[in-house]
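# Here is my input; please provide its structure:
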Amino acid sequence: MSITVNIYYKGENGNAKKFVHEMVSRGIVDRVRKEVGNERYEYFFPMSGEETVLLIDRWKNEEALDIHHKSEMMKEIADLRNKYQLSMKVEKFKSLEEKSNEKTNSR
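Below you'll find the model as predicted:
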């Protein structure tokens, strides 16, 4: 069962976008994507929020997410978040397991 975490980073004076650019330039994004269990790690820039960045972060299971949260990378991410004075709003979702014997109708 996959776990998806949406994180909205909000700042001022373009700091949320600067944060993302530094995450990419320092190679942190690539390292997260290579972690065992990571299925998606993508940033989006909402049209309605100039000072907001959305991260969609999906993991294979809770164990993989827990290991990521305990990694040294999390300190790097927290340090950057503090550097750019960002606030966060977090949403967490669990995927629904599909039953193999369930049939779907399409028209």
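
# Can you tell me how far residue 36 is from residue 12?
36 Å (C-beta to C-beta, to the nearest Å). The way it works is simple: take the backbone N, C-alpha and C, and place the C-beta from them, glycine included.

# brain fart, residue 83
13 Å.

# again, but for residue 57
For residue 57 relative to residue 12 (C-beta to C-beta), the value is 23 Å.

# residue ranges of the strands in this structure, please?
3-10, 38-44, 52-59, 87-94 (DSSP state E).

# so can I have JSON lines of these showing mean pLDDT and distance to residue 72?
Formatted as JSON lines, the strands of the chain follow (pLDDT from 0 to 100; distance: least, C-beta to C-beta, whole Å):
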{"stretch": "strand 3-10", "mean pLDDT": "97", "distance to residue 72": "19"}
{"stretch": "strand 38-44", "mean pLDDT": "97", "distance to residue 72": "15"}
{"stretch": "strand 52-59", "mean pLDDT": "97", "distance to residue 72": "17"}
{"stretch": "strand 87-94", "mean pLDDT": "96", "distance to residue 72": "20"}
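
# Could you look over those strands and pick the most buried one?
strand 52-59 (a mean of 19; mean count of other C-beta atoms under 10 Å).

# relative orientation of that one and strand 38-44 in degrees?
Angle, strand 52-59 to strand 38-44, by axes from the mean of the first three to the mean of the last three C-alpha atoms, to 10 degrees: 170 degrees.

# Indicate each strand paired with strand 52-59 and its parallel or antiparallel sense.
Strand pairing for strand 52-59, using DSSP bridges, gives strand 3-10 (antiparallel), strand 38-44 (antiparallel).

# Same list, the ones you listed, but as CSV with distance to residue 73 please.
What follows is the strands paired with strand 52-59, written out as CSV (distance: least, C-beta to C-beta, whole Å):
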stretch, distance to residue 73
strand 3-10, 14
strand 38-44, 11
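
# Residue 32: which of these is closest?
Smallest distance to residue 32 across the strands paired with strand 52-59 (C-beta to C-beta): 4.9 Å, for strand 38-44.

# what's the closest one in contact with?
2, 4, 20, 23, 29, 32-33, 53-60, 64, 68 (C-beta atoms under 8 Å, 6 or more residues apart in numbering).
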